[in-house]
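Novice: dropping the sequence and predicted coords here.
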Amino acid sequence: MRDLSLAFTLASMAATTACATSGSGAGGESTARLTTTDTVPRYPIEDFLGTTNFGGASWSPDGRKVLVSSNQSGVYNVYAIPAQGGAPVQLTSSATNAAFANGYFPRDERFLYSSDQGGNELTHVYVRETDGTAARDLTPGEKLKANFVGWAKDERSFFVGTNERDPRFFDLYEIAADQGSDYARTLLYQNDGGFEVGDVSPDKRWLALVKPRTTNDSDVWLHDRQTGQAKNITAHAGKGDVQNGVAEFSPDGRSLYLITDEGHEFAYLVRYDLAIGRRETVLKTEWDVMYATFSRGHRYLVVAINNDARTEIRLFEAATMAPVPLPALPAGAITGVTFSRDDARIAFYGSDSRNPSDLFVADVGPLMNQGPTRLTRSLNPRIDPAHLVDAEVVRFASYDGVKVPGLLYRPHGAAPGARVPALVMVHGGPGGQARIGYKAMLQYLVNHGYAVFDINNRGSSGYGKTFYAMDDRRHGEADLGDVVASKRMLAETGYVDPQRIGIIGGSYGGYMVLAALAFRPEEFTVGVDIFGVANWLRTLESIPPWWESFREALYAEMGDPKTDRERLTRISPLFHASNIRRPLIVLQGANDPRVLKVESDEMVEAVRKNGVPVEYVVFPDEGHGFLKKENEMRGYRAILEFLDAHLKGEPAAAAVIK
């Protein structure tokens, strides 16, 4: 919930979840490791972005195809992939605006997808008919945002949220899906209280609503559509901050599954009985439960655990919570598990540090008799996975003794006698997490001789609620201290040159880059700011209206621009740009609704007055993150050329494209 960023690139920087520790990659094929003396070719960015990204998985009604989103065309579009194997079939053909699949209809091959305009985040929900005619906008209108919420349990309708009535709040609508219904819609819930819709009960009587108060404290309310009354079912006065969220209503409609951290450092799964209001613990571990969802046929419950920056999937019989064996899955991260209509097969993605997410299908349950079938091969065949590197989970003692985790990537050939420059990479958020998985830009930089430490500074999610809250009202200070302290750990590796350590990050991580250069100006050799916040006053005053339900929580963590101007001015790099004396590159989307372009304009202008090198790369057709390969290519190439010139000390191969 606490995330100012869009995950600043939805494609190659989007983290998947696990690291292969054996000789088998996520594709299930043997991948040899190189020794430190082996020579590794340096691949151009065109090769890394020749990798194809896939995401999402929705089974067709007959189980023969899986609907996905992919940037195979250079822009995200919707594709169908045969479940028995075969080439993806492109179903949408946008050359400008990204289209992301929401899923097939349950009984025919119509499908829903979402798209915005040039990255402005004003998404609409569209339907594509089976005859392939032009898509229809089911949420038409100007300056509105609409989100697909999910299908009704009877599969005869689906739900969307839209802020067309009030730009601050999302009302919930039910849209008829039967043929001949003309997609008639009905208002289910008028949202005047800043709630977020978690789920709708099978009989549509109950709505599970989430009310955030701070980024560490939230409640779940149960709204009765028959009486119009709502009840807080997670009230916790006197118990301190507690995060409560919605997993899903049970298929029989008698229970609501919740995720809470009440009385525990990590989030766990509980079942709430709607009739008597009793709660019981279903699953508790020493890591956060990320989500839990029932299979389409209601036989199974899938639970994801955030185990030390990787996702661990567990499968249970829904009725008894008896563990269910999974097929022999590929090594690495397993994410996005989706069941076929008959609960006989799953689709999922497998990934590790050196292999992007690939789509697999596999039998489960009584019919499980063989391993998964791989449907995609994402990594560009020009790249040998052995030339890439695995993440190493490391922890170091920060400036005050707090143990800070992160993921360390060591270039091939780096050694005490051949020290390399390094980058501290800061994730988005605040409150995000650096996770193990394939990241194209990161591997591109490592391949070109840069060690990278993907830090999970205090305030990152996944390490308990105490660690998560450690940066509240201390942004650009307590968390920045961790980033600076990580330099000692890098120096102690023996293979990093302590005089050549830079900082890179996107969104909130971009803010940390600017904060490091402005507030600790001697610590880092260079800075790479990707869509980063420069002026918290403007950012908090201009956040999109559809964030209204989250505004109070964001203000509680970061500060209210009306009452905390002094502090927000103190931590905003723009007002301290005169301190910056190290080279800087700034990347910015012209349509960014979260970090307005004017922020980067002003920051670049201010730093240039210091007489230090500043590169500025603007993308006129992007928002808060890369959605187009052409722009990614331009941006990442500019970053490497900048680093080679100012951190590695090598002349740039070509001038940075302006």
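Specialist: Received, thanks. Numbers count the residues shown, from 1 in each chain.

Novice: I'd like the next helix or strand past the worst-scoring helix or strand of the chain on mean pLDDT.
Specialist: Counting by mean pLDDT, DSSP states H and E, the weakest-scoring helix or strand in the chain turns out to be helix 548-558, with a mean of 79. For helix 548-558, the succeeding helix or strand toward the C-terminus, using DSSP states H and E, is helix 565-571.

Novice: for the helix or strand just after that following helix, packing partners?
Specialist: Helices and strands here follow DSSP H and E; after helix 565-571, the next one along the chain is strand 584-589. Packing partners of strand 584-589 (3 or more C-beta pairs under 8 Å, 6 or more residues apart in numbering; DSSP states H and E): helix 508-519, strand 527-530, helix 597-608, strand 614-619, helix 629-643. Every C-beta, even on glycine, is put in place using the N, C-alpha and C of the backbone.

Novice: what strands line up against strand 584-589, and which way round?
Specialist: Neighbouring strands of strand 584-589 in its sheet, by DSSP bridges, are strand 527-530 (parallel), strand 614-619 (parallel).

Novice: who wins for proximity to Ala322 among the ones you listed?
Specialist: For the strands paired with strand 584-589, distance to Ala322 was read as C-beta to C-beta. The smallest value, 46.0 Å, belongs to strand 527-530.

Novice: contacts for the helix or strand just after that closest one, please.
Specialist: In the C-terminal direction, the helix or strand that comes right after strand 527-530 (DSSP H and E) is helix 536-541. With contact meaning C-beta atoms under 8 Å, 6 or more residues apart in numbering, helix 536-541 is reached by 4, 533, 554-555, 558-561, 565, 568-569, 571-572, 594-596, 598-599.

Novice: go through helix 536-541 and flag the buried ones.
Specialist: Neighbour-count burial for helix 536-541 flags 536-540 (criterion: 16 or more other C-beta atoms under 10 Å).

Novice: Arg382: which of those is nearest?
Specialist: Taking C-beta to C-beta as the measure, Thr539 is the one of the buried residues of helix 536-541 closest to Arg382, at 40.1 Å.

Novice: any idea how far that closest one is from Val220?
Specialist: Computed with C-beta to C-beta, to the nearest Å, the distance linking Thr539 and Val220 is 29 Å.

Novice: and the strands paired with strand 584-589, which is most packed in?
Specialist: The highest average neighbour count among those, using mean count of other C-beta atoms under 10 Å, belongs to strand 527-530 at a mean of 30.

Novice: what's that one in contact with?
Specialist: Strand 527-530 is touched from outside by 8-9, 423, 502-507, 509-510, 513-514, 516-517, 582-587, 600, 603, 635, 639, 642-643, with contacts defined as C-beta under 8 Å, 6+ apart.

Novice: list the buried residues of the least confident helix or strand of the chain.
Specialist: For helix 548-558, the neighbour count (16+ other C-beta under 10 Å) marks 548-551, 553-558 as buried.

Novice: can you name the residues in contact with that helix?
Specialist: Helix 548-558 has contacts (C-beta under 8 Å, 6+ apart) with 1-2, 4, 167-170, 194-196, 211-216, 218, 430, 472-473, 475, 536, 540, 543, 547, 561, 568.

Novice: just to revisit the earlier point, of the buried residues of helix 536-541, closest to Ser94?
Specialist: Nearest to Ser94 out of those is Thr539 (C-beta to C-beta; 29.6 Å).

Novice: still on that earlier bit, any chance of the buried residues of helix 548-558 in JSON lines, plus distance to Glu312?
Specialist: Below are the buried residues of helix 548-558 laid out as JSON lines (distance: C-beta to C-beta, whole Å):
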{"residue": "Glu548", "distance to Glu312": "35"}
{"residue": "Ser549", "distance to Glu312": "30"}
{"residue": "Phe550", "distance to Glu312": "28"}
{"residue": "Arg551", "distance to Glu312": "34"}
{"residue": "Ala553", "distance to Glu312": "28"}
{"residue": "Leu554", "distance to Glu312": "30"}
{"residue": "Tyr555", "distance to Glu312": "34"}
{"residue": "Ala556", "distance to Glu312": "31"}
{"residue": "Glu557", "distance to Glu312": "28"}
{"residue": "Met558", "distance to Glu312": "32"}
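
Novice: just confirm Pro323 contacts Ile313, I think it does.
Specialist: No. With the criterion set as C-beta atoms under 8 Å, Pro323 and Ile313 do not qualify as a contacting pair; they are 11.7 Å apart.

Novice: between those two, who's got more neighbours?
Specialist: Ile313 (19 against 10; other C-beta atoms under 10 Å).

Novice: great, nothing more from me.
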